[in-house]
Structure formats: C-alpha cells, structure tokens
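In: structure of the sequence below:
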Amino acid sequence: MPLDNNNFSWRPNDNGPLTNLRYDLEASKWVNSVNKAQNRLPSGNIAGDLGFIGAVLTLPLCLLIFIVLLPVVLIKEVIGYNIKLLPGDEPTGWVKKNDIYRVDYTRANELKAKHERKKRKTQWEDLTEEEQKMVRFVQAETAKLYE
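Out: Sure, this is the predicted structure:
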C-alpha cells in the first residue's frame, strides 16, 4: 500500500514556516537524544585493548610453565630424578644431592700439601742474564694486559 500525504493526518503536510519550525525543533530533539545516548555508552580505550591482547598472548607461556616446567622441577627436587629438556641440560638420570654439594676436603688438602713440598727446579739466580731479561719482558707484557 503506497503511502501518500493523506495518511499522515497527524502531521501538517504543507511547507509553511510554522511547519518547518516544528520539524526543525523535532530534528534538534532527535539529534540531542542520539548524542546523549552515545555519551552514555562506555567508550573503549587503547590501554584496555592492549592489556587484553597481552593477556591472550601470555596465556600459552603461562600454560607451558605450569604444565611442563613446574612438574619437571618438582620431580627433580622431590624425587631426585633429572629430566633433560634442553640440549645443554644435565643428562637424564638419578641425582644424588650429597654428591653435588659435598666437597672432598681430604683430597684438596693432599693436593695442597703435594704442591707445597714441591720446590722450583730453578732459582732466579740460576737463570742466565738473557733468561732473566726474557722473564722481565714477559712480566711487563702480562702487566700491560691487566691494566
């Protein structure tokens, strides 16, 4: 059913100044109501969006840590069995904690005593003048390296 001007009897259909004023008033009220509705809506900010994206990207890393690495560390610490994950890690096998932290003082003392008893084969006076000169040169060059 086509709409014609007669079907809108509740609105004036002429182009008179009073009619245009009413239409302008109605249009301004519509514009104001739309603007107020838009202002009431929460506006998004870039910081919140970036925070969400960061959370989504860190989720796989957190899952990797809690599902793979945490149990491996717990197995190594509680049970004492090492699981090799990366090429540079210690080999897979049982770990004896006493062997890791134990220092063999008797062996260290034996080596220290052995080297204290050992005397130099040559003394400074036994060297020739040319050998002494060479030793002084090497000492001077070494000192330059550490400066």
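
In: can you pull out the helices in this protein?
Out: For the chain, helices defined by DSSP state H occupy the ranges 17-40, 46-64, 70-74, 97-101, 105-117, 129-145.

In: mean pLDDT lowest where, among these?
Out: Comparing mean pLDDT across the helices of the chain, the lowest value falls on helix 97-101: a mean of 56.

In: quick revisit: and the helices of the chain, which is most packed in?
Out: Using mean count of other CB atoms under 10 Å, the stretch among the helices of the chain with the largest mean neighbour count is helix 70-74, at a mean of 12. Using the backbone N, CA and C atoms, a C-beta is placed for each residue, glycine as well.

In: please report how far residue 141 lies from residue 127.
Out: 18 Å (CB to CB, to the nearest Å).

In: again with residue 84
Out: In terms of CB to CB, residue 84 sits 53 Å off from residue 127.

In: can you say which of the helices of the chain is nearest to residue 90?
Out: Nearest to residue 90, of all those, is helix 97-101, at 10.0 Å by CB to CB.

In: just to revisit the earlier point, quick one, which of the helices of the chain is nearest to residue 80?
Out: helix 97-101 (6.6 Å).

In: quick one: closest of the helices of the chain to residue 89.
Out: Closest to residue 89 of the helices of the chain, according to CB to CB: helix 70-74, at 9.9 Å.

In: now what about the closest one, what contacts it?
Out: Residues outside helix 70-74 that contact it (CB atoms under 8 Å, 6 or more residues apart in numbering): 83, 85.

In: repeat that with 10 Å
Out: 64, 65, 81, 82, 83, 84, 85, 89 (CB atoms under 10 Å, 6 or more residues apart in numbering).

In: return the distance of it from the chain's centre.
Out: In terms of CA atoms, centre = their mean, to the nearest Å, the centre of helix 70-74 is found 20 Å from the chain centre.

In: please shift the residue numbers so they start at 553 in all later answers.
Out: From this message on, residue numbering opens at 553, which makes the last subject helix 622-626.

In: can I get it as PDB, trimmed to CA atoms?
Out: Written as PDB, here are the backbone C-alpha positions of helix 622-626 (Å, rounded to 0.1, in the frame of the first residue of the first chain):
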ATOM      1  CA  LEU A 622      56.800 -26.900  37.100                       C
ATOM      2  CA  PRO A 623      56.400 -30.700  37.300                       C
ATOM      3  CA  VAL A 624      59.900 -31.200  35.900                       C
ATOM      4  CA  VAL A 625      61.400 -29.000  38.700                       C
ATOM      5  CA  LEU A 626      59.200 -30.700  41.300                       C
END
